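> Have a look; sequence and predicted model below, questions after that.
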Number of protein chains: 2
Amino acid sequence: MMRRKPSLEAAAAWIRLMRVQSRVLDTVEHELKEAGFPPLACYEALSELSRAQAGELRPVELERQMLLPQYTTSRLIDRLVDEGLAARRECKADRRGQFVEITDAGRALQKRMGRAYSAAIEKHVGSKLSDAEAAELCGLLDRLGCSCNEAQALAVRDGASTQ
Amino acid sequence: MMRRKPSLEAAAAWIRLMRVQSRVLDTVEHELKEAGFPPLACYEALSELSRAQAGELRPVELERQMLLPQYTTSRLIDRLVDEGLAARRECKADRRGQFVEITDAGRALQKRMGRAYSAAIEKHVGSKLSDAEAAELCGLLDRLGCSCNEAQALAVRDGASTQ
DNA sequence: TCACGATTGATGCAGTTGCATGGAGTACGG
DNA sequence: CCGTACTCCATGCAACTGCATCAATCGTGA
């Protein structure tokens, strides 16, 4: 008979994972919002685009990079376009598809957000853990997820990489 | 001048925290949903209620226990009531307020969900970490949150405590 | 070349969330 | 007793999410 009852340690880890993540995420999102920035998803998308060749990606690729459902990606792109941060371009090779290209305004915003985002992460994560502890946390979290290896170095690096 | 750039370790920890949490949560929620259960928030609320004196709480208390905004709690209660899992009762001592009382159906569901929930946690967390690792993860996460100490032992225990 | 299955992307709909506000009741100083 | 400030809870509205489905196009095997 299968073991149904998680150890107390596992239950405690679960609850903390849920609570701490949402608390930290809410805090960071709220801070960026206060500063007049759009949601994080927007930033992540802009980062993917600016990292890409020629600053453009197929929606499908964006979708895979960000691990988002198709409709979420589609609507995220809508918003980027509405706000002039990206533009849809036709894809001649495959008429079903399209390209999404980051605009100058998009690049500018991505950079500015990157700085604010980095600062927020440092404030709410970096400053609370030593590098060794952070690395250890990574290791433990990786054991839970079939995790994030697949996904690139991520967003934050861009904002941070400006020395 | 303040340090804006998080260490690579901190950035990596951040991204994993976000990704792993949402992945694990989605998985568990989806599993419970497949099994025909309502969302987790429902379960947590039922657990709070069944733990409380006489199986009833003021919405405000529920709100504080669950760390939810007031309007979320209000609507969560609506749903519980709609589904016959709880009932609103008047509060004679304070006419502004009310009591929310869990019903028999609510208690029954709470128990059944508890078992499924525990199994899911064991499957997606417990089985992937040793007790020592889980404890270590708790410790690290606690350093990030002004964390979950305040909130009771939590939900899961109930489902699990039935041997 | 055609038919069929798969891929790409959009969208209608219902349910949920955040935000701001409102209405009812309480507490308390004067 | 009254006025003011506060607490408790609900709700309108706009934005967002998940789900299912659709239209268009592609690619492949016969």
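Yes, it's here.

> so where is chain A shaky, pLDDT-wise?
A:1-5, A:146-163 (pLDDT under 70).

> three-state assignment of the residue nearest the centre of it?
Central residue of chain A (Cα atoms, centre = their mean): A:Glu44, 4.3 Å from the mean position. Following DSSP: H, G, I helix; E, B strand; the rest coil, we place A:Glu44 in the helix state.

> where exactly do the helices run in chain A?
A:8-34, A:40-51, A:59-66, A:70-82, A:104-124, A:131-144, A:156-160 (DSSP state H).

> Minimum distance to B:Thr103: which of the ones you listed has it?
Closest of the helices of chain A to B:Thr103 is helix A:8-34, at 25.7 Å (criterion: Cβ to Cβ). The way it works is simple: take the backbone N, C-alpha and C, and place the C-beta from them, glycine included.

> So the closest one, near chain B or not?
Yes - on the criterion Cβ under 8 Å from any Cβ of the partner chain, helix A:8-34 is in touch with chain B at A:8-25.

> Nearest to DNA strand D within chain A, name that residue for me.
A:Arg95 (3.3 Å; Cβ to the nearest atom of the strand).

> phi, psi of that residue?
Dihedral pair for A:Arg95: phi -70, psi -10, per degrees, to the nearest 10.

> count of neighbours near it?
By other Cβ atoms under 10 Å in any protein chain shown, the residues close to A:Arg95 number 8.

> for A:Leu85, same thing?
By other Cβ under 10 Å, neighbour count at A:Leu85 equals 23.

> need the contact list for it.
Shown in contact with A:Leu85 (Cβ atoms under 8 Å, 6 or more residues apart in numbering or on different chains): A:42, A:46, A:102-103, A:105-106, A:109.

> what does A:Ser50 give?
Taking Cβ under 8 Å, 6+ apart as the test, what A:Ser50 contacts is A:102, A:106-107, A:110, A:158.

> Also A:Arg143?
B:128-129, B:133.

> can you rerun that using 7 Å?
Residues in contact with A:Arg143 (Cβ atoms under 7 Å, 6 or more residues apart in numbering or on different chains) are B:128-129.

> quick one: the closest residue to A:Glu83 other than its chain neighbours from A:Glu44, how far?
In space, and not counting its chain neighbours, A:Glu83 is closest to A:Pro38: 7.2 Å by Cβ to Cβ, 6 or more residues apart in numbering or on different chains. Remark: distance between A:Pro38 and A:Glu44 (Cβ to Cβ, to the nearest Å) = 11 Å.

> likewise A:Gln53?
18 Å.

> Quick check: residues of chain A near DNA strand D?
A:39, A:41, A:69-72, A:75-76, A:79, A:94-96 (Cβ under 7 Å from any atom of the strand).

> possible to save those residues as a markdown table with distance to DNA strand C?
As requested, the residues of chain A next to DNA strand D are exported to a markdown table (distance: Cβ to the nearest atom of the strand, whole Å):
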| residue | distance to DNA strand C |
| --- | --- |
| A:Pro39 | 11 |
| A:Ala41 | 14 |
| A:Pro69 | 9 |
| A:Gln70 | 5 |
| A:Tyr71 | 3 |
| A:Thr72 | 9 |
| A:Arg75 | 6 |
| A:Leu76 | 9 |
| A:Arg79 | 11 |
| A:Asp94 | 7 |
| A:Arg95 | 9 |
| A:Arg96 | 4 |
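
> would a markdown table of the helices of chain A with distance to B:Arg64 be doable?
A markdown table is the format used below for those (distance: least, Cβ to Cβ, whole Å):
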| stretch | distance to B:Arg64 |
| --- | --- |
| helix A:8-34 | 14 |
| helix A:40-51 | 27 |
| helix A:59-66 | 35 |
| helix A:70-82 | 32 |
| helix A:104-124 | 23 |
| helix A:131-144 | 28 |
| helix A:156-160 | 33 |
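
> if we can go back for a sec, which one (most neighbours) among the residues of chain A next to DNA strand D?
Neighbour-wise, the residues of chain A next to DNA strand D (other Cβ under 10 Å) top out at A:Leu76, 22 neighbours.

> list the contacts for that one?
So A:Leu76 contacts A:41, A:45 (Cβ under 7 Å, 6+ apart).

> re earlier: what's the farthest-apart pair in the residues of chain A next to DNA strand D?
Counting by Cβ to Cβ, the most remote pair of the residues of chain A next to DNA strand D is A:Pro39 and A:Arg95, 31.4 Å apart.

> Around the residue nearest to A:Arg79 when sequence neighbours are not counted, count how many other residues there are.
With Cβ to Cβ, 6+ apart as the criterion, A:Arg79 has its nearest non-adjacent residue at 6.9 Å, and that residue is A:Cys42. The tally of other residues near A:Cys42 (other Cβ under 10 Å) stands at 21.

> which parts of chain A sit against DNA strand C?
A:30, A:33, A:58-60, A:63, A:70-71, A:74-75, A:77-78, A:88, A:91, A:94, A:96-98.
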